[in-house]
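S.K.: What would the 3D arrangement of this be:
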Amino acid sequence: MSQGDSKRGQGASKRGLRKGLTSYGDAEFSLFLRKVFIKAAGYSDDALDRPIVGITNTYSDFNPCHGNVPDLIEAVKRGVMLSGALPMVFPTISIHESFAHPTSMFLRNLMAMDTEEMLRAQPMDAVVLIGGCDKTVPAQLMGAISTDLPTVFLPVGPMVVGHHQGEVLGACTDCRRLWGSYRGGQMQEAEIEAVSNRLAPSVGTCMVMGTASTMACISEALGFTLPLGATVPAPHAERRRIAEASGKRAAEMAKSGGPKPSELMTPASLRNAQVVLQAIGGSTNGIVHLAAMAGRAGLELDLNSFDEIGRSTPVLIDLKPSGNDYMEHFHHAGGLPRLMRELADLLDLSAPTVAGGTLADVVAGAEEVRGQTAIRPRGNPLKAEGGMAVLHGNLAPRGAVIKQAAASPKLMQHEGRAVVFTSVEDMTNRVDDPALDVTADDVLVLLNAGPKGAPGMPEAGYLPIPKKLARQGVKDMVRISDARMSGTAFGTIVLHITPESADGGPLGLVRNGDRIRLDVAKRRIDLLVDNDELSRRAAEPVTLPHEAPTRGYAKLYMDTVLQADGGCDFDFLVPPKQS
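M.R.: Okay, here's the model as predicted:
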């Protein structure tokens, strides 16, 4: 090792292999040993003397959404090397929505911790995060925000559309719609089996405006993703070109030292992301994840402010489940840059992005696509107000969320009798019972499905229509819970009731036959039971539908998880709020 190496290894400003040396009590030996072992992989001194760009590998056989990750890694590496830096690929946890038990949300914080600790532990000057499936995007960005390492986020991209009997299909909005037809007896088993081969025709995330697409759009709106990075379909060559460009940009950031996440996640960019979330008719999960990401930066996402943003921000994206089109149509219409041009007066265009400029530069470069219909003009919105509304009332003292863009207009003001399920298991066992006392005017209520109650706040809020009603042609009912639902779902569904029933929230006081009133226009959700009776019920002990865990990650989760309004992060990972 040269004398120069020794001095640089001990210097205050460290780069590349000299960052975060393993502690042996001798910095020179630490650097020497690190070089000894990395040279076993065949690296030259020239390569090892360059800035390092880390690249996360979230490929897994259990995660078909990330099936193109190996190709994207190669493209990112190419971009890094073309810019004179050294790419280093490393694995992290990979979680897929439908392959994670009990739910991917239960594991989101574990992936965030894994990402954060690997970014801290290993020497890198910048990182390209590759993710896409619902919880991977917020998990990775939560970790990156906490480490404040220069970061480019690269989404894996949405699937292309499928086809069945002349109809365009998309996972998973059409999964739910067609499964509902099958449950209601309008589709036979042979046809639903054929549909299962056609709903997800390629790798990539759901091609509707579900949680994965929502979070990709939020990442681009916050400035963590290169322009158009949220919408290019996963199998397209352009996705690889964006991957190469992401690697190139990360190499430049490794040399310059920024922008860092702390420069991107600001009060202004947080508001921009909320505007975009409302305008795309995004997933209700997006508000929980955005709250968690903001919390890592010491910021608070105020639900009342989010609701106010929704009142002045129309839904402009004509995508399922709120509209008709799919992500590839959004992309070919100009993607997020073109949408943000329509929203320019509602955005802070001075916010920086990883592309090197500001949102103003992104908007100025937006393509004008003749004849496109996926992105509506402000004068002809899909919905006059934003996709989500925040409700309060004696059932939700700290708030609840409804995706009004995907709800039935006739149910937006509704009063009905409560039909209560005390847990997800109870609902599973009884919802299709022919003896269930339920009518289409009732309100289905699910308890103990929040962060602690389930645990893991599963996407159980999309309570199925009881089979006997589905066979009568009932397609929607008012449904309320402390659970989440998939961003691909639709219906008049009140979610994220906070505090949850398992944490002593008033939702746990609802009994069969109680009257519940929903009034979205007034932003209210109320249990019509007198206060004396509620006080009597509140004196009864709260019991969880499961035993409290005594070890491992499950215990850590139960002991420290925050409620939905805090993003369901762990309390010890959230810094004090900025004043």
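S.K.: so what's V529 closest to, chain neighbours aside?
M.R.: In this structure, V529 finds its nearest non-sequential neighbour in D514, 5.5 Å apart by CB to CB, 6 or more residues apart in numbering. In this view, the C-beta of every residue, glycine as well, is placed from N, C-alpha and C.
S.K.: Going along the chain, name the helices of the stretch 101-250 of the chain.
M.R.: All helices of the stretch 101-250 of the chain, identified by DSSP state H, counting those that start in this stretch, fall at 104-121, 136-147, 173-183, 189-196, 211-222, 237-256.
S.K.: Identify all contacting residues around the longest strand seen in the chain.
M.R.: As assigned by DSSP state E, the longest strand anywhere in the chain is strand 413-421. Contacts with strand 413-421, where a contact means CB atoms under 8 Å, 6 or more residues apart in numbering, come from 427, 430-431, 436-439, 441-447, 463, 478, 492, 510-521, 528.
S.K.: follow-up on the earlier one: mind pulling the model confidence for the residue nearest to V529?
M.R.: For D514, the pLDDT comes out at 98.
S.K.: Can you give me the neighbour number for the closest residue to T58 other than its chain neighbours?
M.R.: Using CB to CB, 6+ apart and skipping residues adjacent in sequence, the residue nearest T58 is S94, 4.2 Å away. Neighbours of S94 under the rule other CB atoms under 10 Å: 25.
S.K.: Can you name the next helix or strand after the lowest-mean-pLDDT helix or strand in the chain?
M.R.: Least confident helix or strand, the chain: helix 3-10 with a mean of 38, by mean pLDDT, DSSP states H and E. Proceeding N to C from helix 3-10, the next assigned helix or strand is helix 27-38, under DSSP states H and E.
S.K.: Which elements pack onto that next one?
M.R.: With contacts taken as 3 or more CB pairs under 8 Å, 6 or more residues apart in numbering; DSSP states H and E, helix 27-38 sits against helix 3-10.
S.K.: pLDDT score assigned to the nearest residue to S408 once chain neighbours are set aside?
M.R.: Computed as CB to CB, 6+ apart, the closest residue to S408 that is not its neighbour in sequence is D476, at 4.5 Å. Listed pLDDT for D476 reads 96.
S.K.: So D476 sits against M412, correct?
M.R.: No: assessed by CB atoms under 8 Å, D476 is found out of contact with M412, at 11.1 Å.
S.K.: picking up where we left off before, okay, the helices of the stretch 101-250 of the chain, which one's buried deepest?
M.R.: helix 211-222 (a mean of 30; mean count of other CB atoms under 10 Å).
S.K.: Give me the angle between that helix and helix 136-147.
M.R.: 40 degrees (axes from the mean of the first three to the mean of the last three CA atoms, to 10 degrees).
S.K.: between helix 211-222 and helix 104-121, how big is the angle?
M.R.: 40 degrees.
S.K.: looking just at contacts, which helices and strands does helix 211-222 meet?
M.R.: If contacts are counted by 3+ CB pairs under 8 Å, 6+ apart, helix 211-222 sits against helix 136-147, strand 151-155, helix 267-279, helix 285-296, helix 335-342.
S.K.: For E500, find the nearest of these.
M.R.: helix 285-296 (12.4 Å; CB to CB).
S.K.: burial measure for S269, as a count.
M.R.: S269 has 25 nearby residues by other CB under 10 Å.
S.K.: Who's the closest spatial neighbour of it, skipping the chain neighbours?
M.R.: Here the residue nearest S269, using CB to CB, 6+ apart, is A351, at 4.6 Å.
S.K.: what sits against the one you found?
M.R.: Counting by CB under 8 Å, 6+ apart, the residues that A351 touches are 223, 264, 266, 268-269, 272, 358-359.
S.K.: so who does the closest residue to L507 other than its chain neighbours touch?
M.R.: Sequence neighbours aside, S501 is the residue nearest to L507 in space, at 4.3 Å (criterion: CB to CB, 6+ apart). Neighbouring residues of S501 by CB under 8 Å, 6+ apart: 447-448, 450, 453, 482, 507-508, 542.
S.K.: How about K255?
M.R.: K255 neighbours (CB under 8 Å, 6+ apart): 51, 85, 125.
S.K.: wait, A251 sits on A85?
M.R.: Yes: with contact defined as CB under 8 Å, A251 counts as touching A85 (3.7 Å).
S.K.: quick one, domains of this protein?
M.R.: 50-160+202-364, 162-196, 390-546 (automatic domain parsing).
S.K.: what distance separates the start and the end of the second one?
M.R.: Meaning domain 162-196. The first residue of domain 162-196 is 10 Å away from its last residue (CA to CA, to the nearest Å).
S.K.: same question, the last one
M.R.: End-to-end distance for domain 390-546: 30 Å, by CA to CA.
S.K.: Off-centre distance for it?
M.R.: With CA atoms, centre = their mean, to the nearest Å as the basis, domain 390-546 stands 22 Å off its chain's centre.
S.K.: same question, the shortest one
M.R.: Relative to the mean C-alpha coordinate of its chain, domain 162-196 is positioned 25 Å out (CA atoms, centre = their mean).
S.K.: Setting aside sequence neighbours, what's the nearest residue to A406?
M.R.: F490 (4.0 Å).
S.K.: which SS state does the one you found fall under?
M.R.: Counting by DSSP: H, G, I helix; E, B strand; the rest coil, the backbone at F490 sits in coil.
S.K.: Identify each buried residue in stretch 521-532, please.
M.R.: 523-527, 529 (16 or more other CB atoms under 10 Å).
S.K.: what mean pLDDT would you report for it?
M.R.: 97.
S.K.: List the contacts of that stretch.
M.R.: So stretch 521-532 is contacted by 307, 389-396, 400, 412-413, 415, 480, 494, 497, 506, 509-510, 514-519, 534 (CB under 8 Å, 6+ apart).
S.K.: what does stretch 321-329 give?
M.R.: 158, 160-161, 168, 170, 173, 207-210, 213, 231, 233, 281, 315, 317-320, 372-374, 382-383, 387, 403, 405-406, 487-490.
S.K.: that older thread, show the backbone phi and psi for the residue nearest to V529.
M.R.: The phi/psi pair for D514 (degrees, to the nearest 10) reads phi -60, psi 150.
S.K.: now it: how far from V478?
M.R.: 13 Å (CB to CB, to the nearest Å).
S.K.: what's the answer for Q188, then?
M.R.: From Q188 over to V478 (counting by CB to CB), the distance is 30 Å.
S.K.: Neighbour count: these two, which is higher?
M.R.: Set Q188 next to V478 and count neighbours by other CB under 10 Å: V478 wins out with 28 against 10.
S.K.: who does the more buried one bridge with?
M.R.: For V478, the beta-bridge partners are V443 (DSSP bridges).
S.K.: thought it was touching M412?
M.R.: No: the criterion here is CB under 8 Å, and V478 misses it with M412 at 9.4 Å.
S.K.: Now the common contact residues for these two.
M.R.: Residues touching both V478 and M412 (CB under 8 Å, 6+ apart) are 492, 518.
S.K.: so who does the closest residue in space to V276 that isn't next to it in sequence touch?
M.R.: Distance criterion CB to CB, 6+ apart; nearest residue to V276, sequence neighbours excluded, is A221 at 4.1 Å. Residues near A221 by CB under 8 Å, 6+ apart: 269, 272-273, 275-277, 336, 340.
S.K.: Most neighbours out of those residues, which is it?
M.R.: L336 (30 neighbours).
S.K.: any idea of the pLDDT on that one?
M.R.: 98.
S.K.: quick one: it and L343, what's the gap?
M.R.: L336 is 10 Å from L343, by CB to CB.
S.K.: Give the intersection of the neighbour lists for these two.
M.R.: V276.
S.K.: tell me the contacts of E342?
M.R.: E342 touches 279, 316, 375-378, counting by CB under 8 Å, 6+ apart.
S.K.: Helices - which of these land there?
M.R.: A279 (DSSP state H).
S.K.: and the contacts of E342 as a markdown table, adding distance to G286?
M.R.: Output for the contacts of E342, formatted as a markdown table (distance: CB to CB, whole Å):
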| residue | distance to G286 |
| --- | --- |
| A279 | 12 |
| L316 | 16 |
| I375 | 19 |
| R376 | 20 |
| P377 | 24 |
| R378 | 22 |
